[in-house]
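Asker: Give me a 3D structure for the following:
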Amino acid sequence: MRIVMVAESFLPQINGVANTVRHVADRLLVQGHQLLIIAAGPGPDSYQGVRVIRARSFGIPGYKEFPVGLPDPAIERAMADFQPDLVHLASPFVLGAYGLRSARRLGLPTVAVFQTDLAAFARQYPWFAKADRGVQAWIRRIHSRADRTLAPSSASVAQLVQAGVPRVHTWGRGVNLDLFDPSHRDERWRREISPDGKPIVGYVGRLAAEKKVKRLAELAGLDCHLVVVGDGPDRHALENTLPGATFLGMRRGTDLAGIFAGLDIFVHTGEHETFCQTIQEAQASGVVTVGPAAGGPLDLIRPGENGLLFEPGKAGSLRQAVAHLLDNPAERRTMAAAGQRRVQTRTWPAVVDDLVYKHYAEVLEEVAHQTPRTARLRRAA
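Answerer: Numbering: from 1, shown residues only. This is a model prediction of the structure:
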């Protein structure tokens, strides 16, 4: 199969969209498919032997490391020259919207992956908050025109359906079980972080307003050591808000895997996650997880079985959940083991195979059976 992947974010950016595109591309190449990647922002012009077309871009305030790709007629020409069977739109917004338009003009089937709740993101920033409704309407317009939209959790599927988006299906995320594993637990690192042997509670992710990391201040006074992994515009403010925490900055690869495995409790603080990959990585690492009772974590955490949920709007709820796990180490270990068992079938190869043999295949079959009139209306819409 010949596939064009239009990505709002790709390497060298490190985020959920870029990582998912990379894992999908890796598996597609192993399967023998031919790819063309179109991505926003500067970076290498090839990946694993695949040509990467870099669209012109600009940065937005507070998120300059996430370039916004701009439309370019050369993109449509490249798509036409490649003659793909299908176009994969990764978190389409600006560049992806242009990729969708080009695909429709060329009569190509499209699969759009909803990954970032940009409307919720907009509400966290005063300079962008008034665009909330406009962003939501734009996302609805994009996904309504795709042949199929894939959302990563039951909450995000419901959100899109309620907004009026048709043809929405669930497609989750994989986890690298070779990288995230309890065997990476490093007792020397644990002694450095917690010389007195107290449990280590950690957060991993971007340090930005929409992640609500400041909620970790609720944990002040608990008998534990707090570790914060990641970077972002709120880091300086959070260092003041969480004076007792150890900030480790951005970590990747085996270094990050060792930190995950070295935690006793993993906490995710934000309620705007469409999936929450870090919860899945913590579970694979054999660590009990605490997350908000909203969005993607609702699918990942079964309260009392493999972790606990807290109520984002209820003061003290996060503290209560973490305190319960600190006070019950045996229960903590049981939940951690259950979480690790849960992710054993959620490998990236399995998830991408589901994408190809179910979603791609069904879209190709549906488009192939359209009448000439339906096909014309589809391109014109």
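Asker: Show me how the chain divides into domains.
Answerer: 2-174+347-380, 182-342 (automatic domain parsing).
Asker: ranking these by mean pLDDT, which is last?
Answerer: Mean pLDDT is lowest for domain 2-174+347-380 among these, at a mean of 88.
Asker: looking at this, Val227 is in a strand?
Answerer: Yes: the assignment for Val227 is a strand, going by DSSP: H, G, I helix; E, B strand; the rest coil.
Asker: Any chance of JSON lines for the domains of the chain, columns mean neighbour count?
Answerer: Placement of C-beta: from N, CA and C, glycine included. Listed next are the domains of the chain as JSON lines, based on neighbours: other CB atoms under 10 Å:
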{"stretch": "domain 2-174+347-380", "mean neighbour count": "18"}
{"stretch": "domain 182-342", "mean neighbour count": "19"}
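Asker: Just checking, which helix or strand succeeds the host helix or strand of Leu309 along the chain?
Answerer: Taking DSSP states H and E as the criterion, Leu309 maps to strand 307-310. Counting by DSSP H and E, the element after strand 307-310 in chain order, helix or strand, is helix 317-327.
Asker: Name all residues that make contact with Thr274.
Answerer: Residues near Thr274 by CB atoms under 8 Å, 6 or more residues apart in numbering: 114-117, 151-153, 155-156, 295-296.
Asker: Which one of those is nearest to Ser183?
Answerer: Taking CB to CB as the measure, Ser183 lies nearest Gly296 of those, at 26.6 Å.
Asker: How about the contacts made by Met250?
Answerer: Contacts of Met250 (CB under 8 Å, 6+ apart): 14, 229-231.
Asker: any idea how far Arg22 is from it?
Answerer: Using CB to CB, to the nearest Å, Met250 is found at 17 Å from Arg22.
Asker: Cys276 is in contact with Leu298, isn't it?
Answerer: No: in this structure, Cys276 is not within contact of Leu298 by CB atoms under 8 Å, at 9.5 Å.
Asker: Just the element for the nearest residue to Arg27 once chain neighbours are set aside, please.
Answerer: Nearest residue to Arg27 in three dimensions, chain neighbours excluded: Val352, at 3.7 Å (CB to CB, 6 or more residues apart in numbering). Under the criterion of DSSP H and E, Val352 resides in helix 348-354.
Asker: which residues touch that helix?
Answerer: Everything outside helix 348-354 that qualifies as a contact, by CB under 8 Å, 6+ apart, is 23-24, 26-28, 30, 171-176.
Asker: Could you rerun that using 10 Å?
Answerer: Helix 348-354 has contacts (CB atoms under 10 Å, 6 or more residues apart in numbering) with 19-20, 22-28, 30-31, 150, 170-177, 344-345, 347, 360.
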